[in-house]
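Chemist: coords please:
(one chain, ligands or ions: 1)
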Amino acid sequence: MKVLLIGYQKSGKSASKLLKKLGYKVVVIDDDRKIDINNYGRLLDSLSFIVVSPAVLPDSPILKEAEKHNIKIIGELELGTQYLKGNLIAITGTNGKTTTTYLVEHLLKSDNTFIGGNVGIPITSFAPKTNDDSITVAEVSSFQLMHIDKFRPHVAAFLNLTPDHLNYHKTMQDYLNAKLNIFANQTQQDFAILNADDAITASIRPTKSKVYYFSTKKRVNGCFVSGGNIYFRDTTKTIAPTGKLLVAKVSDINLLGEHNLSNVLCAICCALVCGLKPQVIKERLKTFKPVEHRLQYVTDIDGVSFINDSKATNISSAVCAIDSMTKPTTIILGGSDKGCSFDDVFNHEPTLIKNYVLMGETQAKLLDAAKKWGRQNVFLASSLSSAVELAYRLSSRGENVLFSPACASFDMFDNYEQRGKCFCGIVRGLKKSENNRIKNNKKTQI
Ligand code: ADP
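Modeler: Numbering: from 1, shown residues only. Below is the predicted model of the structure:
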């Protein structure tokens with residue numbers, strides 16, 4: 001019993017531990033780009049299966065070779081969920097996965113709930129601890145969904161689909177096909193939760209599972225908003241015996257923006273189909289706070305509010321952040337390139353964006369798009385700290401500085417978390433020096 005593990009980072013290491021516990025001999029390749037494929041024929045023929053990291057490209061030569069040898073290729077998600085007991089709720093989409101996953105977990109929380117997947121907690125790390133009454137809430141990415149086999153969530157939610165990761169999936173259809181795998185093994189006992197406001201997710205027709213929708217705009221069969229209240233409509237009376245439930249008020253939510261309302265509606269659908277009572281949902285909603293790096297308020301400096309949205313690693317999430325602003329805002333944009341067009345960031349109207357500060361590898365591409373759409377107040381910065389400083393100088397009291405890069409972070413940082421922490425650190429440093437400056441000014445005036 002031999003398994004080849006391709007990719008030996010967090011989820012790879014966790015998968016390896018579980019595999020060894022199960023009695024497999026594990027052969028590890030940490031970087032598939034560095035190996036000579038000609039040396040692997042004999043090894044491939046001796047394998048039970050391959051566990052591949054989501055970071056490995058689908059056209060990797062070792063995967064192509066493995067396919068020729070007819071070897072099953074699965075991901076850590078598939079391996080972990082094969083050993084998971086109880087109910088699994090899986091959440092996917094281009095944006096909002098982490099927020100919604102944490103929300104669902106917050107709503108259902110007990111001493112037998114688990115959270116994992118793409119949130120940075122490998123399913124293999126806790127699967128053996130689950131039992132028949134456990135509930136696992138998992139964020140699942142398109143990369144993870146590429147390598148499933150029997151993966152079958154009891155509840156599968158699909159939030160939205162907009163262009164992203166096109167350097168990996170090549171086409172939107174490939175990207176969608178990977179995401180659709182979330183429903184592939186569902187049965188009539190399972191639930192699919194779909195966003196009725198997103199053209200792509202609204203048109204999905206899962207073949208077997210029961211479908212509920214969520215919408216911030218329409219009265220759907222599922223969760224919707226009317227007169228400041230959140231309702232759940234159930235035409236088949238499967239979940240709500242009366243056909244309609246009043247669940248909570250929009251004012252019970254502590255998150256910025258309509259996109260987050262949409263995430264909340266999705267989370268409520270997931271919680272209700274798992275049997276949670278509306279009163280419990282309402283109470284727990286009130287205590288949920290934004291997840292770090294997602295429209296997270298950092299601090300105020302002399303009346304200017306700083307918001308860290310480092311997780312805005314694509315265009316649509318930055319556009320949502322722009323839409324969520326309620327005051328004049330200077331936005332800091334830029335990072336590493338994912339091959340998408342920036343037009344939507346600049347042709348977006350109406351908007352409270354007063355200034356654009358551009359930085360990073362995509363600076364020139366962003367500048368071209370800003371010029372194309374006739375934006376005037378566009379400024380260039382050579383680093384994150386000079387961007388923060390500049391954005392602050394451009395802002396007046398009562399305004400926001402929003403760090404929502406619309407790009408990945410790999411040009412200057414290890415990941416978006418490090419980038420967000422760095423932003424918060426720079427802001428706090430600036431606050432200290434500004435407070436000192438203001439104090440000293442007062443002293444010299446005396
Ligand atoms: P994901 O895990 O899918 O990347 P997050 O919850 O981490 O989602 O949010 C990522 C970014 O997308 C953040 O900048 C956030 O403000 C934005 N965002 C969150 N939910 C949505 C949504 N439903 N639609 C668009 N953007 C969203």
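
Chemist: roughly how far is stretch 437-446 from the heart of the chain?
Modeler: The chain centroid and the centroid of stretch 437-446 are separated by 45 Å, computed with Cα atoms, centre = their mean, to the nearest Å.

Chemist: can you check stretch 174-181 too?
Modeler: What separates the centre of stretch 174-181 from the centre of its chain is 16 Å, taken as Cα atoms, centre = their mean.

Chemist: now stretch 95-113
Modeler: Between the centre of stretch 95-113 and the centre of its host chain there is 13 Å, according to Cα atoms, centre = their mean.

Chemist: hmm, that stretch in reach of the ligand?
Modeler: Yes - interface with the ligand: stretch 95-113 contributes N95, G96, K97, T98, T99 (Cβ under 6 Å from any ligand atom). Quick note: C-beta positions are derived from backbone N, CA and C, even for glycine.

Chemist: quick one: residues contacting the first one.
Modeler: By Cβ atoms under 8 Å, 6 or more residues apart in numbering, the residues touching N95 are L159, N160, T162, H259, N314, S316, S317, C320.

Chemist: of these, list those near the ligand.
Modeler: Intersecting the contacts of N95 with the surroundings of the ligand, defined as Cβ under 6 Å from any ligand atom, gives L159, N160, H259, S316, S317, C320.

Chemist: of all those, which comes closest to F379?
Modeler: The shortest gap between F379 and any of these belongs to S317, at 22.1 Å (Cβ to Cβ).

Chemist: where does this structure have its least confident helix or strand?
Modeler: Scoring the helices and strands of the chain by mean pLDDT, DSSP states H and E places helix 166-169 at the bottom, with a mean of 64.

Chemist: helix or strand right after that helix?
Modeler: helix 172-180 (DSSP states H and E).

Chemist: how far off centre is that following helix?
Modeler: If you compare the mean C-alpha spot of helix 172-180 with that of the full chain, they lie 16 Å apart, counting by Cα atoms, centre = their mean.

Chemist: that helix - contacts with which helices or strands?
Modeler: Helices and strands touching helix 172-180, as assessed by 3 or more Cβ pairs under 8 Å, 6 or more residues apart in numbering; DSSP states H and E, comprise helix 142-145, helix 166-169.

Chemist: OK, contacts around the single nearest residue of the stretch 1-150 of the chain relative to the ligand?
Modeler: Taking Cβ to the nearest ligand atom as the measure, the stretch 1-150 of the chain has G96 as its residue closest to the ligand, at 2.9 Å. When contacts are counted by Cβ under 8 Å, 6+ apart, G96 is found next to L159, N160, H259, N260, S262, N263, C266.

Chemist: pick out the most distant pair among the residues you listed.
Modeler: Within the contacts of G96, two members stand farthest from each other by Cβ to Cβ: N160 and N260, at 12.5 Å.

Chemist: who in the stretch 201-350 of the chain is up against the ligand?
Modeler: So the stretch 201-350 of the chain meets the ligand at H259, S262, N263, R294, L295, D309, K311, A312, S316, S317, C320, A321 (Cβ under 6 Å from any ligand atom).

Chemist: return the subset of those residues lying in strands.
Modeler: Using DSSP state E, no member of these falls within strands.

Chemist: now render the residues you listed as a markdown table, adding neighbour count.
Modeler: Listed next are these as a markdown table, based on neighbours: other Cβ atoms under 10 Å:
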| residue | neighbour count |
| --- | --- |
| H259 | 24 |
| S262 | 27 |
| N263 | 31 |
| R294 | 26 |
| L295 | 24 |
| D309 | 28 |
| K311 | 24 |
| A312 | 29 |
| S316 | 21 |
| S317 | 23 |
| C320 | 23 |
| A321 | 25 |
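
Chemist: tell me the one among those residues nearest to K21.
Modeler: When these are ranked by distance to K21 (Cβ to Cβ), K311 comes first, at 33.5 Å.

Chemist: neighbours around the nearest residue to the closest one once chain neighbours are set aside, how many?
Modeler: The shortest distance from K311 to any residue other than its chain neighbours is 4.4 Å, reached at H293 (Cβ to Cβ, 6 or more residues apart in numbering). Burial of H293, expressed as a neighbour count using other Cβ atoms under 10 Å, amounts to 21.

Chemist: quickly note the distance from H293 to R419.
Modeler: H293 sits at a distance of 8 Å from R419 (criterion: Cβ to Cβ, to the nearest Å).

Chemist: show the end-to-end separation of stretch 197-205, please.
Modeler: End-to-end distance of stretch 197-205: 15 Å, with Cα to Cα, to the nearest Å as the criterion.

Chemist: follow-up on the earlier one: so which of the ones next to the ligand among the contacts of N95 are in helices?
Modeler: Of the positions in the ones next to the ligand among the contacts of N95, H259, S316, S317, C320 sit in helices, assigned by DSSP state H.

Chemist: got a list of what the second one touches?
Modeler: In this case it means S316. Contacts were defined as Cβ under 8 Å, 6+ apart; by that measure S316 touches T94, N95, N160, T162, P163, D164, D344.
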